[in-house]
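K.L.:
Got a predicted model here, sequence first, then my questions.
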Amino acid sequence: MSKLFSIVLLAALCLGMVAGCGGKVEHSYVMTTIREASRGDLLSPGFKFGFDTPNIISAHKNLALVREGNLIEFFSGEDIEQKVMQVGGRKFVVGARKLFTPLVHFTVDFMVAGGDSIRVGEPYSIALPTLMRTAEYAMDDFIEVDLDALTSNRLKLRPIQNTKFRVDRGMIMHEEIEEGGEMKMVYTLHLENVRFIIEDPSDEIQLVLKALMNEKMYFDGGVSYGRIASRGFRESTNSGGTVKIAFINYSGWVIPSEV
């Protein structure tokens, strides 16, 4: 079967299944790869493309990250996190439109898996992560510390009190802790001899944290640490206290938590 015929067949199948659910499709979605759609010269009416089982490495609320080799692109869609779960573990086709602002990304119109057609649609609003080059982000305020020397002991935490510091080869986990007599799920940053609770990560940062966990990648970035938490808090949470993420180095970009 020729590549051209395969593209036409997949497009026809995709459109037919969506139309069969009562939807009306005005233009075909050209089946292609993420790289060709985002970086190539492939033309499609309305910039509509179809992707065969894209590698979705992370999804959070209305945003997802899709990997193709060393290329990562953003997919947006109304409640896309839950809809990605519906096609998990199956072959599926995504129909999406390429948008150019505030940066190039794809908004998902539908997913088709077997006999299931899932409408997605453009979210009312999204906040895409800010992508910066290393030279664009000021890192002078971040100190270098001996990460292996940090523990939950107050004396070991004094060097980072009220500072911003760099972290490399940290591990991110999503786990349950007890706080104030209640159990809750939090993201944690694990170093050699201590873990820290990540305080109030934004939706954009959570998207990247999930990607790091799913791909078993190290955290490389900067965090801020305030006053040393009480002994009771550190003991009950089995941590060195809380940190706030300032930025993450990811896929060749610096992603700040705030600009």
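P.N.:
Alright, I've got the coordinates.
K.L.:
Please verify my assumption that E78 contacts A64.
P.N.:
No. Contact criterion C-beta atoms under 8 Å: E78 and A64 do not qualify, at 11.9 Å. Just so you know, the C-beta spots here come from the backbone N, C-alpha and C atoms, and that holds for glycine as well.
K.L.:
and those two? which has more neighbours close in?
P.N.:
Using other C-beta atoms under 10 Å as the criterion, E78 and A64 rank with A64 on top: 27 against 17.
K.L.:
how near is the more buried one to P54?
P.N.:
9 Å (C-beta to C-beta, to the nearest Å).
K.L.:
quick one: common contacting residues for those two?
P.N.:
Common neighbours of A64 and P54 (criterion: C-beta atoms under 8 Å, 6 or more residues apart in numbering): F75.
K.L.:
how deep is G69 tucked in, by neighbour count?
P.N.:
By other C-beta under 10 Å, 9 other residues sit near G69.
K.L.:
oh sorry, the question was meant for I143
P.N.:
Residues near I143, counting by other C-beta under 10 Å: 12.
K.L.:
Also L147?
P.N.:
17.
K.L.:
That one contacts L191, correct?
P.N.:
Yes. Counting by C-beta under 8 Å, L147 touches L191, with 5.0 Å between them.
K.L.:
between those two, what contacts are shared?
P.N.:
Joint contacts of L147 and L191 (C-beta under 8 Å, 6+ apart) are 167, 170.
K.L.:
tell me the strands in the stretch 1-150 of the chain, going along the chain?
P.N.:
30-31, 48-52, 55-60, 63-68, 71-76, 93-99, 105-113, 116-119, 142-143 (DSSP state E, counting those that start in this stretch).
K.L.:
Check the offset of stretch 156-170 from the chain's centre.
P.N.:
24 Å (C-alpha atoms, centre = their mean, to the nearest Å).
K.L.:
what's next to that stretch, contact-wise?
P.N.:
With contacts defined as C-beta under 8 Å, 6+ apart, stretch 156-170 is touched by 139, 141-147, 149-151, 189-191, 194, 218-228, 240-241, 246.
K.L.:
Same check on stretch 57-76?
P.N.:
33-35, 38-39, 51, 54-56, 77-81, 84-85, 94, 96, 103-108, 122-123, 126, 128-129, 203-204, 206-208, 210-211, 214-215, 251.
K.L.:
So for it, what gets flagged as buried?
P.N.:
By neighbour count with 16 or more other C-beta atoms under 10 Å, stretch 57-76 contains the buried residues 57-68, 72-76.
K.L.:
May I have the residues that are in contact with the residue positioned nearest the centre of the chain?
P.N.:
With distances taken as C-alpha atoms, centre = their mean, L207 lies nearest the centre of the chain, 2.8 Å away. Contact analysis of L207 by C-beta under 8 Å, 6+ apart lists 58-60, 63-65, 129.
K.L.:
Would you list the phi and psi of it?
P.N.:
In terms of degrees, to the nearest 10, the main-chain angles of L207 are phi -60, psi -40.
K.L.:
hey, where'd the helices end up in the chain?
P.N.:
Here the chain has its helices, by DSSP state H, at 3-20, 34-39, 80-86, 154-157, 203-214, 231-237.
K.L.:
Let's have the contacts of L207 in JSON lines, adding distance to D116 and pLDDT.
P.N.:
Putting the contacts of L207 into JSON lines (distance: C-beta to C-beta, whole Å; pLDDT from 0 to 100) gives the following:
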{"residue": "S58", "distance to D116": "22", "pLDDT": "98"}
{"residue": "A59", "distance to D116": "17", "pLDDT": "97"}
{"residue": "H60", "distance to D116": "22", "pLDDT": "96"}
{"residue": "L63", "distance to D116": "22", "pLDDT": "97"}
{"residue": "A64", "distance to D116": "18", "pLDDT": "97"}
{"residue": "L65", "distance to D116": "23", "pLDDT": "98"}
{"residue": "P129", "distance to D116": "30", "pLDDT": "91"}
